[in-house]
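In: any chance you could fold what I've pasted below:
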Amino acid sequence: MSIIEKLRSLSGNTKVIAKNTLYAFAIKGVALLVSFISMPLFIRYFNNNTILGLWFTLISVLFWVISFDFGISNGMRNHLVKALTNNDKPKARQVVSSGIACSIATTAALTIAGTILIFTLDLNYIFNISPAEISGTTLLTATFIMFAAIMLRFMLNTVTSIYYALQRSAVNNFLMLCVNTLQMLFVLIFRFDNAEEALLYAACAYFVISNLPLVIAGIAAFCRELRECRPHPAYVDSATTRQIMSIGGIFFVCQILFAVIVFTNEFFVSHFWTPEDTSDYTFYYKVSLLAANVVTLAMAPTWSMVTKAYTEKNYKWLGSLYRNFKRILWPIILIQIAIIPFLGPIFNIWLGKGIVEVNYLTAFAFACFAVGYTYNSMLSTIVFGLGRMRVQLWCYTIGCALKVALIVIISRFSDNWTWVVWSNVMILVPYCIFQQLSLNRFIGRLEARAE
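Out: Residues are numbered from 1 along each chain as shown. Alright, predicted model coming up:
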């Protein structure tokens, strides 16, 4: 039986997930090719590993801001799924209008606060880069342009929530593919006389490239599927806003904590060690978390389907999905271990011979990180869909405090930045254990009700 025939034989929620996952894998395959081609192009574009490390750090730090959306996009996503499942178009329009209004207000406040902060801080100190490498004025200008791009992206995050709620997660994957492809074309085509000039133009290009696809996708959604749910000030409802923000508040705290766990790694490596080490971190990360990102991609359409199934009281399907998730863990572990011996040849083919000298202890640390990251994403998909995030909240809170303390202390005695990666492992693995035990009990009770 062909893949298409198997897909047609499925039904209900499983068919929606399978369809979106198939599309996602097809798009991700192209996206991975683009990502691997882009890395050596970025090396040649900047022609300076310190500035390259700064670029990776800058993108990482500013992406924290997207995570800090006060849970608006996630709260909007869950409530929009419920409204669409019940075919309640007026409620869906209230959710969309209220969510976008919240996003605009939050963006305005953050833009003002962030602008003041950026023009106050010593950015050369923050990013641990000498003014001799890049002037304070250039760094300030590039940072502000990137910040403006992220603020616009922050506001447009509601577009991705809408497509997830419509069970069309593959569209979001396609949008990211568009962004990555346009960035690759930019660094392929353009060359500048020095690294500072290259940084400024890369920031300007990023402003346009990272937001244009989302603008087009948003217009398309409200001209087609959500024609009857277009945002309007008259539909901004205080009760709906509170509903979005109530569940969104928990999402927000968990997002902040997860950002500290995962998205601060480049910053910690750059600040407590060197920007050049950030480049090495990024090279290992791209390869070692390849399988993890593929699995996480497959999880994207599942979150909204979990919310839909829970709303419909389809508990048997939820139990079956959860058990399948647990079965995937062991192949993931084997894949991560199998990648380690091949890192040297992969780096040589990908980046050029001699660019990275493989340290297998570092590779093992990234393999453990990838396993924890992957299973964390799988369990979180269930947790977010159900709206049960208490275990995650406590584990992340304790873990983040320990991570920061560990890095600050160890950086004084060791020149090995791999401790940043091990700190992630020490957070994610215990969380996965406690979260699985909690889900075993909860889903077990749900299945008992269905019998």
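In: and Leu379, what does it touch?
Out: Residues near Leu379 by C-beta atoms under 8 Å, 6 or more residues apart in numbering: Phe325, Cys432, Gln435, Gln436, Leu439. (Glycine included, C-beta is placed from N, CA and C.)
In: I figured the third one hits Tyr396, correct?
Out: The reference is to Gln435. No. Using C-beta atoms under 8 Å, Gln435 is not in contact with Tyr396, being 10.5 Å away.
In: can I get the contacts of Leu379 in a markdown table with neighbour count, secondary structure and pLDDT?
Out: Converted to a markdown table, those look like this (neighbours: other C-beta atoms under 10 Å; DSSP: H, G, I helix; E, B strand; the rest coil; pLDDT from 0 to 100):
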| residue | neighbour count | secondary structure | pLDDT |
| --- | --- | --- | --- |
| Phe325 | 20 | helix | 82 |
| Cys432 | 21 | helix | 90 |
| Gln435 | 22 | helix | 91 |
| Gln436 | 18 | helix | 91 |
| Leu439 | 19 | helix | 89 |
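In: out of those, who's nearest Ser270?
Out: For the contacts of Leu379, the closest approach to Ser270 (C-beta to C-beta) belongs to Cys432, at 27.9 Å.
In: so the closest one versus Trp422, what's the distance?
Out: Counting by C-beta to C-beta, to the nearest Å, the separation of Cys432 from Trp422 is 16 Å.
In: just Ala370 next, same as before
Out: Ala370 sits 13 Å away from Trp422, going by C-beta to C-beta.
In: out of those two, which sits in the busier spot?
Out: Neighbour count, other C-beta atoms under 10 Å: between Ala370 and Trp422, Ala370 has more, with 28 against 19.
In: how about the contacts made by Ala142?
Out: Applying C-beta under 8 Å, 6+ apart to Ala142 gives the contacts Leu58, Leu199, Leu200, Ala202, Ala203.
In: ok, now which ones touch the first one?
Out: When you say that, I think you mean Leu58. Counting by C-beta under 8 Å, 6+ apart, Leu58 makes contact with Phe127, Ala142, Thr143, Met146.
In: mark which of the residues you listed are part of helices, please.
Out: Among the contacts of Leu58, DSSP state H puts Ala142, Thr143, Met146 in helices.
In: coming back round to it: make TSV out of the contacts of Leu58 and add distance to Gln183 and pLDDT.
Out: Shown next, in TSV, are these (distance: C-beta to C-beta, whole Å; pLDDT from 0 to 100):
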residue	distance to Gln183	pLDDT
Phe127	21	81
Ala142	15	91
Thr143	18	89
Met146	13	89
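In: and of the residues you listed, the nearest to Thr115?
Out: Distance to Thr115 across these (C-beta to C-beta) is lowest for Thr143, with 10.7 Å.
In: the closest one: neighbour count?
Out: Residues near Thr143, counting by other C-beta under 10 Å: 23.
In: specify which member of the contacts of Ala142 is nearest to Thr381.
Out: Of all the contacts of Ala142, Leu58 has the smallest distance to Thr381: 29.3 Å, by C-beta to C-beta.
In: helix or strand for the closest one, which one?
Out: Element membership of Leu58, judged by DSSP states H and E, is helix 49-67.
In: and the next helix or strand after that helix, what does it pack against?
Out: Moving toward the C-terminus from helix 49-67, the next helix or strand (DSSP H and E) is helix 72-85. Here helix 72-85 touches helix 89-118, helix 136-165, helix 238-258, helix 290-311, helix 360-386, going by 3 or more C-beta pairs under 8 Å, 6 or more residues apart in numbering; DSSP states H and E.
In: who are the contact partners of the nearest residue to Ser35 once chain neighbours are set aside?
Out: The shortest distance from Ser35 to any non-neighbouring residue, by C-beta to C-beta, 6 or more residues apart in numbering, is to Asn180 (6.2 Å). By C-beta under 8 Å, 6+ apart, the contact list for Asn180 reads Ala31, Val34, Ser35, Ser38.
In: could the residues you listed go into TSV alongside pLDDT and distance to Tyr45?
Out: Listed next are the contacts of Asn180 as TSV, based on pLDDT from 0 to 100; distance: C-beta to C-beta, whole Å:
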residue	pLDDT	distance to Tyr45
Ala31	72	19
Val34	80	15
Ser35	74	15
Ser38	81	9
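In: max pairwise distance over those: which two?
Out: Ala31 and Ser38 (10.2 Å).
In: so where's the stretch 301-450 of the chain shaky on pLDDT?
Out: The stretch 301-450 of the chain contains residues with pLDDT under 70 at 301, 304, 450.
In: endpoints of stretch 400-418, how far apart?
Out: Stretch 400-418 has an end-to-end distance of 17 Å (C-alpha to C-alpha, to the nearest Å).
In: buried sites along that stretch?
Out: Buried residues in stretch 400-418, counted by 16 or more other C-beta atoms under 10 Å: Cys400, Lys403, Leu406, Ile407, Ile410, Ser411, Asn416, Trp417, Thr418.
In: so for stretch 229-248, what's the average pLDDT?
Out: On average, the pLDDT along stretch 229-248 is 78.
In: what residues sit buried inside it?
Out: Under the neighbour-count criterion of 16+ other C-beta under 10 Å, stretch 229-248 has Cys229, Pro231, Tyr235, Val236, Asp237, Thr240, Thr241, Gln243, Ile244, Met245, Ile247, Gly248 buried.
In: list the contacts of it.
Out: Here stretch 229-248 makes contact (C-beta under 8 Å, 6+ apart) with 70-72, 74-76, 78-79, 89, 91-102, 222, 387.
In: distance from that stretch to the middle of the chain?
Out: With C-alpha atoms, centre = their mean, to the nearest Å as the basis, stretch 229-248 stands 25 Å off its chain's centre.
In: CA atoms of it as PDB?
Out: C-alpha atoms of stretch 229-248 as PDB (Å, rounded to 0.1, in the frame of the first residue of the first chain):
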ATOM      1  CA  CYS A 229     -13.700  36.000  11.600                       C
ATOM      2  CA  ARG A 230     -11.800  39.000  10.500                       C
ATOM      3  CA  PRO A 231     -10.500  41.100  13.500                       C
ATOM      4  CA  HIS A 232     -12.500  44.100  14.400                       C
ATOM      5  CA  PRO A 233     -12.300  46.500  17.400                       C
ATOM      6  CA  ALA A 234     -16.000  45.900  18.100                       C
ATOM      7  CA  TYR A 235     -15.300  42.200  18.700                       C
ATOM      8  CA  VAL A 236     -12.600  42.900  21.300                       C
ATOM      9  CA  ASP A 237     -14.200  41.400  24.400                       C
ATOM     10  CA  SER A 238     -12.900  41.700  28.000                       C
ATOM     11  CA  ALA A 239     -14.200  38.300  29.000                       C
ATOM     12  CA  THR A 240     -12.500  36.600  26.100                       C
ATOM     13  CA  THR A 241      -9.300  38.600  26.700                       C
ATOM     14  CA  ARG A 242      -9.300  37.300  30.300                       C
ATOM     15  CA  GLN A 243      -9.800  33.700  29.100                       C
ATOM     16  CA  ILE A 244      -6.800  34.100  26.700                       C
ATOM     17  CA  MET A 245      -4.600  35.700  29.300                       C
ATOM     18  CA  SER A 246      -5.600  33.200  32.100                       C
ATOM     19  CA  ILE A 247      -4.300  30.200  30.300                       C
ATOM     20  CA  GLY A 248      -1.800  32.300  28.500                       C
END
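In: thank you kindly, that will do.
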